[in-house]
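Q: Whatever this is, show me its structure:
(one chain, ligands or ions: 2)
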Amino acid sequence: MARVKASRHIIYSALIASVFVAISIIFSCHNEKDNVNTSSQPIAKLPSVKIPANTWRAPDSNTIPKGKTGQLIRYGKELLTHTSIYFGPNGTIAKISNGMNCQNCHLDGGSRLFGNNYASFIAGYPKMNNRSGKIEHPADRIVQCFNRSLAGIAPDTNGREVTAMLAYMKWIGQGVKKGQQLFGAASEKLAYLDRAADTANGRAVFISKCQVCHGANGQGLLAADKKAYTYPPLWGNHSYNDGAGMYRIGNFAGFVKNNMPFGATYQNAQLTDAEAWDVAAFVNSQLRPHKDQHRDWPDIKTKPIDFPFGPYADGFSEQQHKYGPFKPIKDARKTPTNKKS
Ligand code: HEC
Ligand code: HEC
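A: Ligands and ions are numbered 1, 2, ... in the order given. Have a look, this model is predicted:
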């Protein structure tokens with residue numbers, strides 16, 4: 001019951017906040033400098049897009065089986081949606097993470113198109129992870145999100161909690177085959193801009209479209225009971241660290257394009273691609289916890305184009321790998337010597 005109330009509270013506050021966003025957009029038109037006013041375009045101008053008819057959908061939660069297996073699946077879902085209550089700074093099981101929920105980035109319990117859903121996760125493992133240079137199992141991937149996105153440590157991978165998370169992820173991905181390409185998996189890969197992403201434009205987007213919920217300093221909004229965030233932090237001490245997937249601006253831009261401001265969807269996005277890239281650059285240029293990553297990407301040729309820390313197999317700078325322009329890097333990689341990446 002308390003949970004139902006909490007989620008209603010989020011919906012109401014999101015509605016109220018959207019009204020504020022709309023009002024602030026109207027007023028901000030007068031204040032912005034000419035070169036940064038891309039964010040003042042009315043939301044309705046973006047055309048809505050359709051999704052393919054045979055698109056993956058999460059199974060209905062009414063079909064979670066009864067009995068012990070079902071209990072485990074439901075517990076897993078609860079942990080993934082309200083992670084902070086159990087593992088945050090005031091967590092009831094252990095105080096081992098930053099207060100974010102897995103669901104903050106894996107939206108709607110990891111069921112949402114282009115919202116980092118878990119549809120093909122279990123089917124795809126074990127698999128080689130170029131970041132660690134090792135063959136990994138599903139539990140390893142959960143540990144990494146605890147270490148990076150939740151900037152903490154993970155609970156015991158043999159314990160009931162991780163087992164429950166995996167049971168839910170398996171349930172949600174039932175029927176998905178290894179290697180199957182699903183529409184709406186992970187986050188959308190937006191086309192590269194012809195220029196570097198612009199943090200000044202991004203700041204203007206942030207102020208007019210994000211700040212109302214995520215706070216003027218990106219610090220988010222803690223719920224009154226201090227056990228969880230109503231609006232999660234985008235930077236600062238309590239946000240994801242610089243080893244997290246969201247710290248790559250391509251991942252961030254693709255995520256916000258189809259999901260933010262909260263309520264936006266792939267079918268009805270509210271940001272242009274340029275706004276999404278620029279706000280990604282702005283947010284990821286702000287301070288956040290640092291993770292030692294010197295062991296990552298043992299084969300530097302496999303580093304993603306937008307991975308912001310060198311050394312690189314190409315001659316491009318960290319600055320360009322972080323903010324772009326990315327097309328020249330992509331073109332350079334098409335040469336036969338670098339074909340694999
Ligand atoms: C109406 C309130 C609202 C607005 C406006 C909003 N967000 Fe969010 N945002 C949320 C909520 C709520 C979540 C967590 C979703 C969940 O847990 O289901 C979230 C999650 C996120 C996340 C993932 C979690 C994190 O903290 O890193 C990012 C990134 C993000 N928002 C970026 C943005 C950006 C960029 C904008 C502006 C373009 C924006 N948001 C505008 C409410 C909002
Ligand atoms: C700040 C955002 C964020 C938070 C919070 C977060 N993740 Fe992730 N997660 C990502 C992104 C982005 C990716 C994909 C990009 C990558 O490979 O890093 C990802 C990837 C994953 C994957 C791999 C999915 C696949 O199909 O291969 C799993 C599993 C996962 N996360 C689990 C978790 C769990 C469990 C938690 C909570 C303990 C969590 N994540 C919290 C952003 C987040």
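Q: Show me how far stretch 250-270 is from its chain's centre.
A: With CA atoms, centre = their mean, to the nearest Å as the basis, stretch 250-270 stands 10 Å off its chain's centre.
Q: Next to ligand 2 in this structure, residues from this structure, please.
A: Counting by CB under 6 Å from any ligand atom, the chain comes close to ligand 2 at 80, 83, 100, 102, 104-106, 116, 120-121, 124, 141-142, 145-146, 149-150, 165, 186, 240, 244-246, 251. For glycine as for every other residue, the C-beta is placed from the backbone atoms N, C-alpha and C.
Q: let's go with 5 Å and repeat that
A: For the chain, the contact set with ligand 2 under CB under 5 Å from any ligand atom comprises 100, 102, 104-105, 121, 141-142, 145-146, 149, 240, 245-246, 251.
Q: Next up, the contacts around the nearest residue to residue 273 once chain neighbours are set aside.
A: Distances taken as CB to CB, 6 or more residues apart in numbering place residue 190 nearest to residue 273, at 4.9 Å, with adjacent residues excluded. By CB atoms under 8 Å, 6 or more residues apart in numbering, residue 190 lies in contact with 250, 253-254, 257, 273, 276-277.
Q: Just the ones in helices from the residues you listed, please.
A: 250, 253-254, 257, 273, 276-277 (DSSP state H).
Q: what helix or strand does the residue nearest to residue 273 sit in?
A: Following DSSP states H and E, there is no helix or strand that holds residue 190.
Q: hang on, the earlier thing: using JSON lines, please lay out the residues of the chain next to ligand 2 together with distance to residue 68.
A: Listed next are the residues of the chain next to ligand 2 as JSON lines, based on distance: CB to CB, whole Å:
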{"residue": "100", "distance to residue 68": "30"}
{"residue": "102", "distance to residue 68": "23"}
{"residue": "104", "distance to residue 68": "29"}
{"residue": "105", "distance to residue 68": "30"}
{"residue": "121", "distance to residue 68": "23"}
{"residue": "141", "distance to residue 68": "25"}
{"residue": "142", "distance to residue 68": "21"}
{"residue": "145", "distance to residue 68": "26"}
{"residue": "146", "distance to residue 68": "25"}
{"residue": "149", "distance to residue 68": "30"}
{"residue": "240", "distance to residue 68": "34"}
{"residue": "245", "distance to residue 68": "33"}
{"residue": "246", "distance to residue 68": "35"}
{"residue": "251", "distance to residue 68": "36"}
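Q: nearest residue to residue 209 other than its sequence neighbours?
A: residue 261 is the one closest to residue 209 (CB to CB, 6+ apart), at 5.3 Å.
Q: likewise residue 74?
A: residue 64 is the one closest to residue 74 (CB to CB, 6+ apart), at 6.2 Å.
Q: Could you check how many residues crowd around the one you found?
A: Neighbours of residue 64 under the rule other CB atoms under 10 Å: 18.
Q: and what of residue 183?
A: 13.
Q: what's near enough to touch it?
A: 51-52, 55-56, 113.
Q: Nearest residue to the middle of this protein?
A: By CA atoms, centre = their mean, the mean C-alpha position of the chain lies nearest to residue 105, the distance being 3.9 Å.
Q: Neighbours of the nearest residue to that one once chain neighbours are set aside, how many?
A: Closest residue to residue 105 apart from its sequence neighbours, by CB to CB, 6+ apart: residue 116 at 5.4 Å. The tally of other residues near residue 116 (other CB under 10 Å) stands at 24.
Q: before we move on, back to that, list just the nearest of the ones in helices among the contacts of residue 190 to ligand 1.
A: The closest of the ones in helices among the contacts of residue 190 to ligand 1 turns out to be residue 276 (CB to the nearest ligand atom; 7.7 Å).
Q: which bits of the stretch 151-300 of the chain sit near ligand 1?
A: Going by CB under 5 Å from any ligand atom, the residues of the stretch 151-300 of the chain near ligand 1 are 209-210, 213, 231-232, 256, 260-262, 279.
Q: What is the nearest of those residues to residue 288?
A: residue 232 (12.7 Å; CB to CB).
Q: Correct me if wrong: the closest one contacts residue 98.
A: No - contact criterion CB atoms under 8 Å: residue 232 and residue 98 do not qualify, at 9.4 Å.
Q: Give me the common contacts of these two.
A: By CB under 8 Å, 6+ apart, the residues touching both residue 232 and residue 98 are residue 239.
Q: Alright, calling it a day.
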